[in-house]
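**Q** coordinates only, sequence not included:
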Ligand code: ZN
C-alpha cells in the first residue's frame, strides 16, 4: 500500500523538508488568490514599481489587502499544519518552505526559524525607507480610519506589507536556505502546490538529485508527479496526519 510505504519513508527517515502552497491554506478557509476564481482574477495586479510610483496604485493595492486580510487573520491551522509540528517535535523537520503568506505554520506551533517564507508574510507591514515594522492589524485600523495608503509615522516613508509583490525579487537568503534544506533531507514532502512557478518547480528536483524521496500531496496533477516516489491526490488534512503517524 502506497500510504504505508510513504509513511515508512517519513517515520523511519532521518530528515524531512516540507514545502507548502495555497492548497494547505484553502483547507483552512483561505481563498487561493491565484486560482481562476480567486481574488486576483477579479482584481487588477498592482506591480511593485506601480506601488512605488503612484498613489492611486498604492490605494488600490491596499484596498485589495484590506479585502483579503480578515480571511487570513481569522483562519486557524488545520491537521495538515499540525502534521508538520509533529515532525518538528520529533526533530525530523529540517525546514518548512512555504509559498503562503498567512503565517498559519507559525500559528500551528512551528518555530519561526524553521519556516522559510518565500513570498514573505502579510501579518507584518514594513516601512520601505527606515524598515520599521507595524502589524497588519494596525495598518488595517489606520486604513479604516481613512488613511487609504498609510505612511510610516517615523519617517513618512511608504508602508508596504512584508510580502513579495509581482515585480519584486524573492529574498535571496530565504532562497539559499531553501535550496540547502532541499539538498540535505531524506524526504521532500511537497504539499498543496501546483509546483509550476519557481522555485517550487525546481526545489523538489534538487532534493531528488541529492538522493531524497519525493512525496507530493496535491488535489490536482503537477508537472513533477512523474519524478515523485509517491503522489497523493487527496485532502491534505486527511493524508498528512496519516503520513506522519498521528
Ligand atoms: Zn519609516
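**A** Cool, got the structure. Computed from a prediction, not measured in an experiment: that's the story for all the values here.

**Q** so stretch 139-152, near the ion or not?
**A** Yes: legend: contact between stretch 139-152 and the ion by Cβ under 5 Å from the ion is shown at residue 152. Bear in mind the C-beta positions are built from the backbone N, C-alpha and C, glycine included.

**Q** that stretch: how far from the chain's middle?
**A** Centroid separation for stretch 139-152 versus its chain: 25 Å, with Cα atoms, centre = their mean, to the nearest Å.

**Q** let's test this: mean pLDDT of that stretch, rounded?
**A** What stretch 139-152 shows for mean pLDDT is 96.

**Q** and the end-to-end length of it?
**A** 10 Å (Cα to Cα, to the nearest Å).

**Q** residues in contact with that stretch?
**A** 55, 58-59, 61-63, 66, 69, 125, 127, 129-130, 132, 157-159, 161 (Cβ atoms under 8 Å, 6 or more residues apart in numbering).

**Q** try it again at 7 Å.
**A** Identification of contacts with stretch 139-152 by Cβ atoms under 7 Å, 6 or more residues apart in numbering yields 55, 58-59, 62, 66, 69, 125, 127, 129-130, 132, 157-159.

**Q** how about stretch 207-223?
**A** Stretch 207-223 is contacted from outside by 6, 9, 17, 23, 182-183, 185-196, 204, 224-225, 227-233, 236, 239-240, using Cβ under 7 Å, 6+ apart.

**Q** which of these count as buried?
**A** Neighbour-count burial (16 or more other Cβ atoms under 10 Å) applied to the contacts of stretch 207-223 gives 6, 9, 17, 23, 182-183, 185-195, 204, 224, 227-232, 236, 239-240.

**Q** from those residues, which land in strands?
**A** Filtering these for membership in strands, criterion DSSP state E, returns 17, 187-191, 230-232.

**Q** any idea which of these is closest to the ion?
**A** residue 17 (35.6 Å; Cβ to the ion).

**Q** in contact with the closest one, which residues?
**A** If a contact means Cβ under 7 Å, 6+ apart, then residue 17 has 94-95, 97, 181-182, 185, 188, 207 as its contacts.

**Q** dump the residue contacts of the closest residue to it other than its chain neighbours.
**A** Distance criterion Cβ to Cβ, 6 or more residues apart in numbering; nearest residue to residue 17, sequence neighbours excluded, is residue 185 at 3.9 Å. Shown in contact with residue 185 (Cβ under 7 Å, 6+ apart): 15-17, 94, 207, 212.

**Q** report the separation between residue 185 and residue 207.
**A** Per Cβ to Cβ, to the nearest Å, residue 185 is found 6 Å from residue 207.

**Q** now residue 189
**A** Residue 189 is 10 Å from residue 207, by Cβ to Cβ.

**Q** which residues are in contact with both of these two?
**A** Common neighbours of residue 189 and residue 207 (Cβ under 7 Å, 6+ apart) do not exist.

**Q** okay, now residue 145: neighbour count?
**A** 9 (other Cβ atoms under 10 Å).

**Q** just use 22 as the starting number from now, easier for me
**A** Okay, residue one is now 22; in that scheme the one you just asked about reads as residue 166.

**Q** list of residues touching the lengthiest strand in the chain?
**A** As assigned by DSSP E, the longest strand anywhere in the chain is strand 141-148. With contact meaning Cβ under 7 Å, 6+ apart, strand 141-148 is reached by 90, 93, 122-124, 154-157, 160, 173, 176, 178, 180-185.

**Q** low-confidence regions, this structure specifically.
**A** Applying pLDDT under 70 to the chain picks out residues 22, 54-62.

**Q** what does it put close to the ion?
**A** Going by Cβ under 5 Å from the ion, the residues of the chain near the ion are 148, 150-151, 153, 173, 175-176, 178.
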